[in-house]
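# the amino acid sequence is not available; the structure is as follows:
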């Protein structure tokens with residue numbers, strides 16, 4: 001069994017995806033459940049976690065509606081403005097509206113200008129609310145944010161958190177050393193998990209298994225097979241590869257660095273972390 005811990009849908013007529021301009025190429029069109037369902041069947045993927053792609057609560061409600069209509073979507077990671085003065089109230093309202101389908105929240109930290117934004121004390125009440133409503137936190141960050149993220153997590157030891165796309169290492173430019181150092185410290189000092197996802201998007205032309213190997217090696221060395229979950233990042237993945245090719249490549253890398261633990265990385269860790277109920 002496979003659970004895809006990270007995928008997206010979007011409908012451009014909603015007009016809240018500011019990053020999806022014509023320059024986004026193949027991504028600048030609608031991606032909806034009818035397109036991915038046959039891909040999931042072909043790859044024997046039992047369920048997915050649907051992750052926000054627009055900084056709006058309206059999109060979160062839209063995704064929750066899709067999740068209720070399509071049983072293969074086992075959970076939704078939505079968005080709320082963590083910096084809003086009434087963030088705790090907003091989080092409570094979303095948790096109530098989302099019911100069992102809302103699993104977590106994700107501010108788009110990578111797009112926020114201040115590198116230390118996530119560590120600002122003014123956000124404490126929002127993170128406290130995430131914990132209070134038994135939600136998870138997806139950390140969409142780049143390497144520059146790993147240290148501020150560690151500061152945040154140390155302040156909230158009960159926060160269930162996962163690092164999206166392994167913190168987006170700059171594979172295309174060989175940005176290994178500093179990322180690996182901060183990744184190891186983050187994994188050692190906090191209980192955060194890590195998604196094996198999104199790496200091909202950061203790799204430029206360095207997308208072979210040998211190019212990815214040192215980065216994936218550091219992921220498993222830092223987190224171990226109990227704290228890594230696989231995700232496709234579909235349809236963002238389509239800009240550089242295909243669902244089947246990334247799944248096959250991931251499978252080979254998992255065999256190299258977590259032999260015998262395929263079931264954990266490909267399904268069990270995501271089910272446990274997001275508390276998914278599969279239908």
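Received the coordinates, thanks. What you see is a predicted model, and the numbers here were worked out from it, not measured in a lab.
# so where does residue 241 fall, helix or strand?
Using DSSP states H and E, residue 241 falls within no helix or strand.
# show me what contacts the closest residue to it other than its chain neighbours?
Nearest residue to residue 241 in three dimensions, chain neighbours excluded: residue 200, at 5.1 Å (CB to CB, 6 or more residues apart in numbering). Using the backbone N, CA and C atoms, a C-beta is placed for each residue, glycine as well. Residues in contact with residue 200, defined by CB atoms under 8 Å, 6 or more residues apart in numbering, are 207, 212, 237, 240-241, 246, 249.
# in helices only, show me these.
212, 246, 249 (DSSP state H).
# now the strands for the stretch 1-150 of the chain?
2-7, 45-51, 73-78, 102-105, 136-139 (DSSP state E, counting those that start in this stretch).
# what is the last one packed up against?
Read it as strand 136-139. For strand 136-139, the packing partners by 3 or more CB pairs under 8 Å, 6 or more residues apart in numbering; DSSP states H and E come out as strand 102-105, helix 124-132, strand 160-163.
# okay, these in CSV with distance to residue 116 next?
Shown next, in CSV, are these (distance: least, CB to CB, whole Å):
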stretch, distance to residue 116
strand 102-105, 20
helix 124-132, 14
strand 160-163, 17
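# among these, which comes closest to residue 271?
Residue 271 lies closest to strand 102-105 among the helices and strands packed on strand 136-139, at 11.0 Å (CB to CB).
# list the pairing partners of the closest one within its sheet, with orientation.
Strand pairing for strand 102-105, using DSSP bridges, gives strand 73-78 (parallel), strand 136-139 (parallel).
# my guess is residue 149 contacts residue 186, does it?
Yes: using CB atoms under 8 Å, residue 149 is in contact with residue 186, at 6.6 Å.
# what do these two both touch?
Here residue 149 and residue 186 have 163, 192 as joint contacts, going by CB under 8 Å, 6+ apart.
# coming back round to it: now the helices and strands packed on strand 136-139 as a markdown table including mean neighbour count, mean pLDDT and distance to residue 274?
A markdown table is the format used below for these (neighbours: other CB atoms under 10 Å; pLDDT from 0 to 100; distance: least, CB to CB, whole Å):
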| stretch | mean neighbour count | mean pLDDT | distance to residue 274 |
| --- | --- | --- | --- |
| strand 102-105 | 25 | 98 | 5 |
| helix 124-132 | 18 | 98 | 14 |
| strand 160-163 | 24 | 98 | 9 |
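# now for the ones you listed, which one comes closest to residue 84?
helix 124-132 (7.9 Å).
# apart from its neighbours in sequence, what residue is nearest residue 234?
The nearest residue in space to residue 234 (CB to CB, 6+ apart) is residue 7, at 4.7 Å.
# in the sheet, who's paired with the one you found?
The partner residues for residue 7, given DSSP bridges, come to residue 50, residue 234.
# thinking again about what came up before, what would the strands of the stretch 1-150 of the chain look like in JSON lines with distance to residue 177?
As requested, those are exported to JSON lines (distance: least, CB to CB, whole Å):
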{"stretch": "strand 2-7", "distance to residue 177": "26"}
{"stretch": "strand 45-51", "distance to residue 177": "29"}
{"stretch": "strand 73-78", "distance to residue 177": "30"}
{"stretch": "strand 102-105", "distance to residue 177": "31"}
{"stretch": "strand 136-139", "distance to residue 177": "21"}
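# of all those strands, which one is nearest residue 89?
Ranking the strands of the stretch 1-150 of the chain by their distance to residue 89 (criterion: CB to CB) puts strand 102-105 first, at 13.9 Å.
# tell me the pLDDT of the residue lying closest to residue 235 once chain neighbours are set aside.
In space, and not counting its chain neighbours, residue 235 is closest to residue 31: 4.3 Å by CB to CB, 6+ apart. Here the pLDDT value assigned to residue 31 is 98.
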